[in-house]
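Novice: coords below, sequence missing:
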């Protein structure tokens, strides 16, 4: 099976294809495939997944939707100038960047666009089907890595749901790496459930929540009473600006708090702030302050400071999720991939919230992907 | 069985019985047993251990060895003045403190003491047997909570090993909560193995290493390459002074580094410092700086700051370990209790180093303790 | 002159007299006067002020207004339980606490109170005059240490301005230790200017802003370009709850940002958050993250974490300010005391914003207070 | 006078001319002179020094000694790869790098070198004189930016003192930017004092000590009692390796502690660690933990974390010092430049230790440099 896969080509269609995460994923896939860098941060390249029949990095073909025009090679140069991509990398993989750039189609709706939601979904689905046909791809997965959209009011379909519906209509698996609505809308959820396609989400776990998913269980297992858990995130780049919108921040924070409630058993005091700090560029800093009671009520404190590059944290997870979902679709595994909670702040299904247990579930899923052939 | 236990009385013999950890354990046991405080930090009081047949807190009788004279009630007042024990607690449990104080015997060897090791072991064992007989105790466990001793050269028996040998000779289970040698000496190890008694250790995991045992696995599971892990510990109290001795610090650091090597698969760069800062009293601060590489070699950093009260972190674990070992002895479980790695920096046996897996093993051990009756 | 002062008695009338800061100031004054504690945190007890003719601590008589009823000895016990006051202190100075408690009068307006502002000011002023007469005091100073009130709209007199006007009407100097309006209202400002009385403010500088007033100048003097300065404050106690009101927080943040703009020459990116975290009790934590550019645009970061007890930081400054203002009034120094910027986030006048220069101004003011006698 | 200077050329002779600091200074001088970057971090480019008659950046000519061979353009590329220099900068200033590279001479003594100290000093002085003559330079200053050498035993002249003696013999001013001995040796100190030349030092204040020089005075001015001040430095690059030598670290730490003792009035508890962490490259991280007592003995803590690029912090100060010393020599100001304490951990003379006062002294020195013309 992996022999056939090595000749096959599969598609990864990125919503937000000119963004930092998408650009880093495309560039990084090419760099790792060419042996220029080790696959740091890619869980699917570790030994437990060696026999899972995942599509090799060399078989991935990229395309996507975006509402902006900046060419991918130029975006890659910008990221290299900001220290997100290694200097020299954009030049070394110029062909792959140009190839992906040629497969990016305008997203929407643009201002003045008079198409109704159904027409938009059809147009997006047609873009994806063309991509698959043109590339003679065995299948494709759609991954949402666009900026977080404001929390929707539940009635109209927000853009993220239009793209998600298009993925289903085009016969593709779907991954929501953002806190946007995507398939979490009654209309699209029903379509997805009926489609026989796999889907996963939502909101990639790349920093503060990743830490919380190991520290929360630690406090619980040690029977230490967490009184307050407060956090501040400083984000530059587009993500910071998008999340300066309180509605978008609310969507993100719901996921962040879920992990605490689930792992601690109660919701501690404390707030989470997300600040837009353009001077940080693509870097983010998360400070957490945990006030807890020890034996006989003694007050103690844990603080954590996480300083990372958001795109570099997200991109390998995007590649992981694309590969896992493509393989699931090949094996006709349908519906929500609830074993992928390892990757998400707000995972589908009722799986565990502790990272350790989520990892165990992921490795088991990797074994299931070995199939029977 | 728990009915019979509730009438039974069992002993906890503490090496270093007038120290901060021992005093907090004695005071806290009385406070929790009397319903004055919830059992924060005691894992054995959580639901998974409800049916494990552990001796109830009300059944524990305390005694021990120490080389200093300060009465336990006075030590408790000192700890209350330093914020380790709640104000008013020493007065509320004065009877229990006095009772334990009456069961403390002089340790040794004192300067000028001419007894040879065998004589010392016999004398210590006699003290323990007298304690069991006088208290009509069903059994007793010996727990080493004395200050860390310098790393020994392997030939002569250090004091911690004299006490450990005495525990075996007196027919008691043994727990080494410190990095001192204890049963890790060829002579005493052989005696312990032949004794049919349970024993556990070593070096309680109360702060920096606790954090490392959840953060190390996080980096490994996410395939993030840790380049350097550096740490500084500021300790007041007696522990800080003892560990200012480079040889004692070396013993402690070996345990700290084991968890990184085991969970990361390699030993990262970086050192660990232990500083004596008397101004901190019984409080300690641990700063960790982790430099890791993300996707495409992007450099990122996690820092943690842990501010806790050492005695309040250690005491509930001491009570946990005493209860678990007493129950193991009751069920005639012999030899190293390798399922207790959850509690230790440098656990016996080849168990997992990740806290999550250690917790799973501990819960399973709790089920085993339910016995067959 | 200091000989006469040592026999004289002077008054300190506290608005918010049952609050944590006021209670700590009353208790601390008694404790230091009795020699129970050194005068840590009191700048007026350092050598440069030895000859400034300040009223001795033993000469200070306390009273004040408050809208709550809890007796001062009980408040002191609560603070001792929370670790703000040393255990045993409330008992040791019970007489002084009772004496101050007897001089506290109800503040207002209470709900249902139909008095108009003029009537309230007259009533408050009468309370203060009675206090001075009853105690045969040479003079008194009014210090506002009440909870921060919401930013006012400029028309109606907020409560803090009613008390400030009462201070003027009663012939007392006035200190505004909070960000509330106080004398910063056109009506009261005019009265104060005409009164010939000294006044000082506003908003005591006890933590994050104190740090900023030394770190801001450091960056400026080193020609390092600060790009973003972000901060989060976690406050328990009443202050946290009051500042959870966005309007109150806005008043406080204006002062915090002024020091950056003044010392750096420009306003950097970044926000300031004030979170109410009741679990912290009277303690506060302030985290600051400063992103700055070094040579050739290299990005660097400074982070600070300040963990302090708000009342213990504020109380000695309150005593300092009371003494300095009382002495100024004795010497008939009138109008805004612009040399006291050392103590305030948002000082009166156009003095320096750097702590070092403010300290120089304060020491010079101390020399001026030596008078001519 | 500045008109004549703008046509004049002056020399900067760097000991350790191929090191990171030297390379950054040479590259940065060219970049700022060409208008490619603003002069961030250069105090001599701020308004107070506009009329001080300092040699313009365009007039500086670089050369120096080093014991390694790697060409300066290659070193600059390495620094750009590590993020210390902006990408593209080495190419943009290739001519200036090549010119400086051509003026670097072998340092010593190399292994097997049989010359005695006098011969070495003469050879070094000849190199410097040749540089001045060849470049038709008005004068030159020698700046030591070599790796820290182990603390010397006081008898033999260590290498840093050989170079310092050569500077004096060649008629050049001298700046010791390191904690090495340099002119702090009886023999060389006497020569320097007799020479009529200006000299400055020692040990550039670029991170932890810079912070301490503003935080120490803050605690003192607020009358807060610092109980313990602990610090850990993580350094990559050559500096980390050099300071892993305990003797070299001891030299550095002496300077670090002096600022605390001087500003606080007493030496607090606490240690300073310097760790070599090669993974950090040219970056360094300094963590400080300050335990202090507030009013009534309440315990509080300040922590700071400084993350900077050592070369980018040091290079602009090196340029500042070179210009100030060259101008001093032009004005025939002789002996120790005690007004330059702003730049040093362990400054010459009995000047103030507070950064604010040191800045005042520096600005006054800048006024003195305006001369009488």
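Specialist: Looks like it came in fine. Predicted model only: the values in this text are computed from it and were never measured.

Novice: residues near residue A:341, how many?
Specialist: Residues lying near residue A:341 (other CB atoms under 10 Å in any protein chain shown) number 26. To be clear about C-beta, it is placed using only N, CA and C from the backbone, and glycine gets the same treatment.

Novice: just give the nearest non-adjacent residue to it, would you?
Specialist: residue A:347 (3.5 Å; CB to CB, 6 or more residues apart in numbering or on different chains).

Novice: just the pLDDT at that neighbour, thanks.
Specialist: Note for residue A:347: predicted pLDDT of 93.

Novice: do the same with residue A:247
Specialist: On pLDDT, residue A:247 comes in at 68.

Novice: do the same with the one 4 residues further on
Specialist: Residue-level confidence at residue A:251 comes out at 66, pLDDT.

Novice: contacting residues for the spatially closest residue to residue A:46 that is not a sequence neighbour?
Specialist: Leaving aside its chain neighbours, residue A:46 sits nearest to residue B:223 (5.4 Å; criterion: CB to CB, 6+ apart). Contacts for residue B:223 (CB atoms under 8 Å, 6 or more residues apart in numbering or on different chains) come out as A:39, A:40, A:41, A:42, A:43, A:45, A:46, A:316.

Novice: just the buried residues out of those, in ChimeraX syntax.
Specialist: This is the ChimeraX syntax for the buried subset of the contacts of residue B:223, where burial follows 16 or more other CB atoms under 10 Å in any protein chain shown:
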select /A:39,40,41,42,43,45,316
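
Novice: and the contacts of residue B:223, which is closest to residue A:14?
Specialist: residue A:316 (14.4 Å; CB to CB).

Novice: next one: phi and psi at the closest one?
Specialist: phi -70, psi -30 (degrees, to the nearest 10).

Novice: give the contact list for it.
Specialist: Taking CB under 8 Å, 6+ apart, we find residue A:316 in contact with A:25, A:28, A:39, A:40, A:41, A:42, A:43, B:223, B:294, B:295.

Novice: how about JSON lines for the residues you listed, with secondary structure added?
Specialist: Formatted as JSON lines, the contacts of residue A:316 follow (DSSP: H, G, I helix; E, B strand; the rest coil):
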{"residue": "A:25", "secondary structure": "helix"}
{"residue": "A:28", "secondary structure": "helix"}
{"residue": "A:39", "secondary structure": "coil"}
{"residue": "A:40", "secondary structure": "coil"}
{"residue": "A:41", "secondary structure": "coil"}
{"residue": "A:42", "secondary structure": "coil"}
{"residue": "A:43", "secondary structure": "helix"}
{"residue": "B:223", "secondary structure": "coil"}
{"residue": "B:294", "secondary structure": "coil"}
{"residue": "B:295", "secondary structure": "helix"}
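
Novice: ok, the residues you listed vs chain C, which is closest?
Specialist: Chain C lies nearest to residue B:294 out of the contacts of residue A:316, by CB to the nearest CB, at 17.2 Å.

Novice: pull the number of nearby residues for the closest residue to the closest one other than its chain neighbours.
Specialist: Sequence neighbours aside, residue A:312 is the residue nearest to residue B:294 in space, at 4.3 Å (criterion: CB to CB, 6+ apart). Neighbours of residue A:312 under the rule other CB under 10 Å: 29.

Novice: for the residue in the stretch 51-200 of chain A that chain D sits nearest to, helix, strand, or coil?
Specialist: With distances taken as CB to the nearest CB, the stretch 51-200 of chain A approaches chain D most closely at residue A:87, which sits 5.1 Å away. Here residue A:87 is coil, with the state taken from three-state DSSP.

Novice: confirm for me that it is in contact with residue A:77.
Specialist: No - with contact defined as CB atoms under 8 Å, residue A:87 does not count as touching residue A:77 (9.7 Å).

Novice: ranges for the strands of the stretch 101-250 of chain A?
Specialist: With DSSP state E, counting those that start in this stretch as the criterion, the stretch 101-250 of chain A has strands at A:104-106, A:140-144, A:173-176, A:198-201, A:225-235.

Novice: among those, which is nearest chain B?
Specialist: Once the strands of the stretch 101-250 of chain A are compared by CB to the nearest CB, strand A:225-235 is nearest, at 5.1 Å.

Novice: hmm, the closest one in reach of chain C?
Specialist: Yes - using CB under 8 Å from any CB of the partner chain, strand A:225-235 reaches chain C at A:227, A:228, A:230, A:232, A:234.

Novice: make a markdown table from those and add distance to chain B, pLDDT and neighbour count to it.
Specialist: Formatted as a markdown table, the residues of strand A:225-235 next to chain C follow (distance: CB to the nearest CB, whole Å; pLDDT from 0 to 100; neighbours: other CB atoms under 10 Å in any protein chain shown):
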| residue | distance to chain B | pLDDT | neighbour count |
| --- | --- | --- | --- |
| A:227 | 11 | 96 | 20 |
| A:228 | 14 | 97 | 21 |
| A:230 | 14 | 96 | 26 |
| A:232 | 15 | 96 | 24 |
| A:234 | 14 | 95 | 26 |
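
Novice: from those residues, pick the one nearest chain D.
Specialist: Comparing the residues of strand A:225-235 next to chain C against chain D with CB to the nearest CB places residue A:234 closest, at 13.9 Å.

Novice: surely the closest one is in contact with residue C:232?
Specialist: No - Residue A:234 is beyond contact range of residue C:232, at 9.8 Å (criterion: CB under 8 Å).

Novice: per-residue pLDDT, the residue in chain A that chain B sits nearest to?
Specialist: Among the residues of chain A, residue A:356 lies closest to chain B, at 3.2 Å counting by CB to the nearest CB. Residue A:356 is assigned 94 on the pLDDT scale.

Novice: also residue A:336?
Specialist: On pLDDT, residue A:336 comes in at 96.

Novice: any low-confidence regions in chain A?
Specialist: A:1-7, A:152, A:154, A:238-241, A:243-245, A:247-248, A:251-252, A:255, A:372-373 (pLDDT under 70).
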